[in-house]
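Participant: Requesting a structural model of the entry that follows:
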Amino acid sequence: MKIRVHAAFRFTHDNGESEVFDIGVHDVSEAIAQHWFVQAHAEALDAVKETTSADYDAELTELRTSIAGLTGQLAERDKQIAELKQQLEERDTQIGELLVQSDHQTGENPPANGGKNGGNKK
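Facilitator: Sure thing, here's the model as predicted:
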């Protein structure tokens, strides 16, 4: 089994023999690769290769499903925004028409005496 050492260390085997592992890739037995001290200083490369393909395929499928769902939500929000903008434009038009009508109604009967107090200053 291969391990990639990221921090050099000295490992003492069960028989008392010590072995130095420098930074880099090393071939070791599975028992050594699984030892807690070795795992603190290195990562097992073979284990990563075995799980990578299956794990990434499942995660990729999950992410694609999530993206499809979010894309659908985005399209729905875009549709809602377009509808609300249309309603806003219609209301702006109605308000403009009401203001024009209001101006015509007040403009038809202007005060003949010049306004409050008959236009006279007191």
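Participant: what packs against the longest helix seen in the chain?
Facilitator: Secondary structure assigned by DSSP state H gives helix 45-108 as the longest helix of the chain. Counting contacts by 3 or more C-beta pairs under 8 Å, 6 or more residues apart in numbering; DSSP states H and E, helix 45-108 is packed against strand 2-5. For every residue, glycine as well, the C-beta is placed using N, CA and C.
Participant: Please spell out which residues along the strand it packs on are buried.
Facilitator: For strand 2-5, burial by neighbour count (16 or more other C-beta atoms under 10 Å) applies to 2, 3, 5.
Participant: which residues touch that strand?
Facilitator: Identification of contacts with strand 2-5 by C-beta atoms under 8 Å, 6 or more residues apart in numbering yields 21-28, 32-33, 38, 41-46.
Participant: rerun at 6 Å
Facilitator: Residues outside strand 2-5 that contact it (C-beta atoms under 6 Å, 6 or more residues apart in numbering): 21, 23-28, 33, 41-46.
Participant: With stretch 9-27 instead?
Facilitator: 2, 3, 4, 5, 8, 41.
Participant: Determine how far it lies from the middle of the whole chain.
Facilitator: 44 Å (C-alpha atoms, centre = their mean, to the nearest Å).
Participant: Figure out the length between the terminal residues of that stretch.
Facilitator: 15 Å (C-alpha to C-alpha, to the nearest Å).
Participant: what's the answer for stretch 9-26, then?
Facilitator: Stretch 9-26 has an end-to-end distance of 13 Å (C-alpha to C-alpha).
Participant: Counting neighbours, what do you get for residue 33?
Facilitator: Look at residue 33: counted by other C-beta atoms under 10 Å, it has 20 neighbours.
Participant: Which of the contacts of stretch 9-27 sits closest to residue 93?
Facilitator: Nearest to residue 93 among the contacts of stretch 9-27: residue 4, at 69.0 Å, using C-beta to C-beta.
Participant: Bridged to the closest one, which residues?
Facilitator: Residue 4 has the following beta-bridge partners by DSSP bridges: residue 25, residue 43.
Participant: Quick check: it vs residue 78, distance?
Facilitator: Counting by C-beta to C-beta, to the nearest Å, the gap from residue 4 to residue 78 is 47 Å.
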